[in-house]
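> Here is my input, please return the structure:
(one chain, ligands or ions: 1)
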Amino acid sequence: MEKEHLLEARDLTFQYGERVVFSDLSLELEKGGITCLLGPNGCGKTTLIDTLLGFHSPVKGVIELGGRNLAEMKAREIARMAAYVPQTHEKHFPYSVADVILMGRTAHLGFFQAPGKEDREMVRDLLEKTGRLSLAERDYRELSGGETQIVLILRALVQESPLIIMDEPTSHLDFKNELVLLEMIHELAESRNRGVLMSTHSPNQALFLANRDLSVRVVLMDESGRLISGTPREILTVENMASFYGIKAVQLKNEEGNLTSLFPLEIIRSQT
Ligand SMILES: Nc1ncnc2c1ncn2[C@@H]1O[C@H](COP(=O)(O)OP(=O)(O)OP(=O)(O)O)[C@@H](O)[C@H]1O
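Numbering: from 1, shown residues only. Now for the predicted structure:
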């Protein structure tokens with residue numbers, strides 16, 4: 001059966017001035033599929049995400065979102081197709097948490113239309129369902145890093161777009177909330193057929209999702225513009241950890257022999 005692409009990037013090249021961050025990169029994101037973007041600090045994960053969302057223009061290549069050329073789409077059209085959870089978020093105004101989440105509904109409203117009762121109920125239901133109702137009236141500016149991240153994820157969920165793109169969504173989350181988010185991603189992909197792209201520093205998250213029978217792909221980048229992609233088992237090898245991160249890692253497997261995690265042991269120091 002032909003897979004349904006939500007996003008297709010072909011031969012993308014991006015550079016800041018003279019510095020090429022990635023070149024001739026191709027990527028497809030499908031309904032029900034999860035793509036984990038991994039790579040060392042500064043390799044270009046955020047830059048790639050920003051390019052896929054139209055915040056940066058590639059110097060070469062084409063991005064199609066929902067079958068349309070991204071370069072010709074308006075911000076509101078992009079937001080209906082793809083929700084975005086940023087890594088950082090400026091907090092200038094004294095909005096309540098409920099109001100910040102409500103902003104996720106903007107893509108569905110007319111130009112001068114205010115959110116209605118149904119939109120507010122949707123936000124309330126989501127806060128209740130996720131056990132965060134106590135946050136609803138808090139001043140968004142006063143939230144901790146982890147609470148902010150949760151609110152930005154909830155804002156993306158009410159946007160109800162077929163694709164969700166998250167930039168290191170677990171960077172501030174505690175052990176339990178990391179699992180809560182992974183369960184949410186699982187539900188989004190499996191039950192709601194959404195596509196998910198997330199950058200992460202934890203290869204184990206890709207393995208966690210893949211071991212739950214989801215369609216998971218890993219894209220591994222490095223600072224020299226090298227990029228490989230495949231299933232978590234194909235990409236998360238000891239050899240690739242040495243080659244892309246310069247570390248010696250061990251693979252841990254469960255009783256069934258499935259790879260469950262990678263553990264970094266030591267830095268590989270050159271012999272010279
Ligand atoms: N606006 C900019 N102008 C010039 N160079 C930039 C700009 N933003 C990022 N860079 C550089 O581009 C490279 C890729 O940065 P990017 O933030 O995409 O990496 P990353 O993989 O997301 O990093 P991290 O894992 O640390 O979040 C880095 O070398 C960074 O210093």
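> residues near Ile49, how many?
Counted with other CB atoms under 10 Å, the neighbours of Ile49 add up to 23. The way it works is simple: take the backbone N, C-alpha and C, and place the C-beta from them, glycine included.
> In space, what's closest to it - neighbours in sequence excluded?
Asp167 (5.2 Å; CB to CB, 6 or more residues apart in numbering).
> measure the one you found to Asp139 for me?
Plainly put, Asp167 is 24 Å away from Asp139 if you go by CB to CB, to the nearest Å.
> For the residue nearest to Ile49, what are phi and psi?
phi -100, psi 110 (degrees, to the nearest 10).
> and Ile228, helix, strand or coil?
strand (DSSP: H, G, I helix; E, B strand; the rest coil).
> what pLDDT, on average, does stretch 203-210 get?
On average, the pLDDT along stretch 203-210 is 95.
> how far out from the middle of the chain is that stretch?
Taking CA atoms, centre = their mean, to the nearest Å, one finds the center of stretch 203-210 at 13 Å from the center of the full chain.
> Kindly report the same for stretch 236-247.
That offset, for stretch 236-247, works out to 22 Å (CA atoms, centre = their mean).
> what does that stretch rub up against?
39-40, 203, 206-207, 218, 220-222, 226, 228, 248-251, 259, 262, 264-268 (CB atoms under 8 Å, 6 or more residues apart in numbering).
> Please say whether there is contact between that stretch and the ligand.
No. Counting by CB under 6 Å from any ligand atom, the ligand is not contacted by stretch 236-247; separation bottoms out at 11.6 Å.
> That stretch - what's its average pLDDT?
For stretch 236-247, the per-residue pLDDT averages 97.
> Helix, strand, or coil at Ser243?
With three-state DSSP as the criterion, Ser243 reads helix.
> ok, it to Lys74 distance?
Ser243 sits 41 Å away from Lys74, going by CB to CB.
> count of neighbours near Leu179?
14.
> that older thread, of Asp167 and Asp139, who's got more company?
It is Asp167, of Asp167 and Asp139, that has more neighbours when counted by other CB under 10 Å, with 22 against 12.
> Quick check: beta-bridge partners of that one?
Legend: beta-bridge partners of Asp167 under DSSP bridges are Ser199.
> Run through the residues that contact it.
With contact taken as CB under 8 Å, 6+ apart, Asp167 is in contact with Lys45, Thr46, Ile49, Tyr84, Val85, Pro86, Gln87, Met198, Ser199.
> mind listing what the fourth one touches?
So that's Tyr84. Residues near Tyr84 by CB under 8 Å, 6+ apart: Ile49, Leu53, Ala156, Ile164, Ile165, Met166, Asp167.
> Most neighbours among these, which one?
Going by other CB under 10 Å, Ile164 tops those with 27 neighbours.
> next one: phi and psi at that residue?
Dihedral angles (degrees, to the nearest 10) for Ile164: phi -120, psi 130.
> With Pro162 instead?
Dihedral angles for Pro162 - degrees, to the nearest 10 - are phi -70, psi -20.
> what about it, how many neighbours?
Count around Pro162 with other CB under 10 Å applied: 20.
> In this model Gly66 seems to touch it, though I could be wrong.
Yes. Applying CB atoms under 8 Å as the test, Pro162 and Gly66 come out as touching, 7.3 Å apart.
> circling back: out of Ser243 and Lys74, which sits in the more crowded spot?
Between Ser243 and Lys74, counting by other CB under 10 Å, Ser243 is the more crowded of the two (15 against 9).
> distance of that one from Pro264?
From Ser243 to Pro264 the distance is 14 Å (CB to CB).
> Then Glu72?
Distance of Glu72 to Pro264, computed by CB to CB: 44 Å.
> before we move on, which element is the nearest residue to Leu143 once chain neighbours are set aside in?
Closest residue to Leu143 apart from its sequence neighbours, by CB to CB, 6+ apart: Val151 at 6.6 Å. Val151 is located in helix 145-158, with elements delineated by DSSP states H and E.
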